[in-house]
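Peer 1: coords below, sequence missing:
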């Protein structure tokens, strides 16, 4: 079980991998991001991408699942206030195998809540060719194993 | 049909609204973000949120659908390289009615491609109480109506 105190700058967590299935990828886009190059094979072929590619939000969602399974599930996570930078670096397509990586950049105890802290991280998804497809710098809130002493 | 030339700083687009349905909200979280406060009503009640709340990625996905229906669908969109700042400002819960707002901050013709340009925008989702639940500053790539003349 990971608590705030267990995180330290420079730590790297490998979050496992997931394969992209066209059926789910397209179903996600039909519901949430129905742009032609995400939902229609033929329209995608004549788009600037030249082929069907995943909605960036689908890629984020796949990352999130790896992050939950590979780390958050066994942690004192209290959610996240947000992401400071999110880049869709390279198109994701059906058949891709995406691996999740997570690196701790900084940790900061909460000034308001003695039982909490923030972990600033950098995360990445790479495909089977080791090309980065997604990069995010974000924050996670974690409970402390031992509350901070009043200062 | 919106082209790059049609966007100008200060323009505001109202993107319509969507109601949050518990069934889909929880199904999304089960698949992509199975943290207790997103998937389990009982566990959520004893979490720091005190109730079942939406995965932040679900909120982003709902925003994306409003953005596609309210703007991108009738545009020359070529996708997006990313988001510079993404904040989950307030918990989203079943029954919430979320409205999408989009404001153009800056436009910049592409230096590499005469037929493209980037629109820097700020977007927001507010709930039925007019509380902001999501804020994003991001970029969209749009085709030009007329290619730039060589400089």
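Peer 2: Structure received. This is a predicted model, so every value here is computed, not measured. Numbering: from 1, shown residues only, chains lettered A, B, ... in the order given.

Peer 1: make it CA atoms for all contacts and neighbour counts henceforth
Peer 2: OK.

Peer 1: residues touching the nearest residue to residue A:40 once chain neighbours are set aside, list them.
Peer 2: Nearest non-adjacent residue to residue A:40, counting by CA to CA, 6 or more residues apart in numbering or on different chains: residue A:52, 7.0 Å away. For residue A:52, the contacting residues are A:37-41, A:44-45, A:93, by CA atoms under 8 Å, 6 or more residues apart in numbering or on different chains.

Peer 1: name the helix or strand for residue A:94, please.
Peer 2: Using DSSP states H and E, residue A:94 sits in no helix or strand.

Peer 1: so which bits of whatever helix or strand residue A:105 lives in are buried?
Peer 2: In the assignment (DSSP H and E), residue A:105 maps to strand A:97-109. Buried residues in strand A:97-109, defined by neighbour count with 16 or more other CA atoms under 10 Å in any protein chain shown: A:97-107, A:109.

Peer 1: so what touches that strand?
Peer 2: Against strand A:97-109 from outside (CA under 8 Å, 6+ apart): A:4, A:7-20, A:63, A:66-67, A:116-128.

Peer 1: please pick the buried ones from these.
Peer 2: For the contacts of strand A:97-109, buried by 16+ other CA under 10 Å: A:4, A:7-8, A:12, A:15, A:17-18, A:20, A:63, A:66-67, A:116-127.

Peer 1: what average pLDDT does the strand holding residue A:105 get?
Peer 2: Averaged across strand A:97-109, pLDDT comes to 98.

Peer 1: what lines up beside the helix or strand just after that strand in the sheet?
Peer 2: Remark: after strand A:97-109, the chain's next helix or strand is strand A:116-126, criterion DSSP H and E. Applying DSSP bridges, strand A:116-126 is found paired with strand A:97-109 (antiparallel), strand A:132-143 (antiparallel).

Peer 1: nearest residue to the residue nearest the centre of chain A in space, please, no chain neighbours.
Peer 2: Geometric centre of chain A, nearest residue: residue A:63, 3.8 Å, by CA atoms, centre = their mean. Residue nearest to residue A:63 in three dimensions, not counting chain neighbours: residue A:100, with 6.3 Å by CA to CA, 6+ apart.

Peer 1: for residue A:122, same thing?
Peer 2: residue A:137 is the one closest to residue A:122 (CA to CA, 6+ apart), at 4.4 Å.

Peer 1: ok and whichever helix or strand residue A:64 is part of relative to helix B:56-70, angle-wise?
Peer 2: Assigned by DSSP H and E, residue A:64 belongs to helix A:56-70. On the basis of axes from the mean of the first three to the mean of the last three CA atoms, to 10 degrees, helix A:56-70 is oriented at 170 degrees to helix B:56-70.

Peer 1: beyond helix A:56-70, next helix or strand please.
Peer 2: Criterion used, DSSP H and E; the element after helix A:56-70 is strand A:82-88.

Peer 1: helices or strands up against the helix or strand of chain A with the lowest mean pLDDT?
Peer 2: Within chain A, no helix or strand scores below helix A:41-45, which has a mean of 93 by mean pLDDT, DSSP states H and E. On a contact count with 3 or more CA pairs under 8 Å, 6 or more residues apart in numbering or on different chains; DSSP states H and E, helix A:41-45 meets helix A:36-39.
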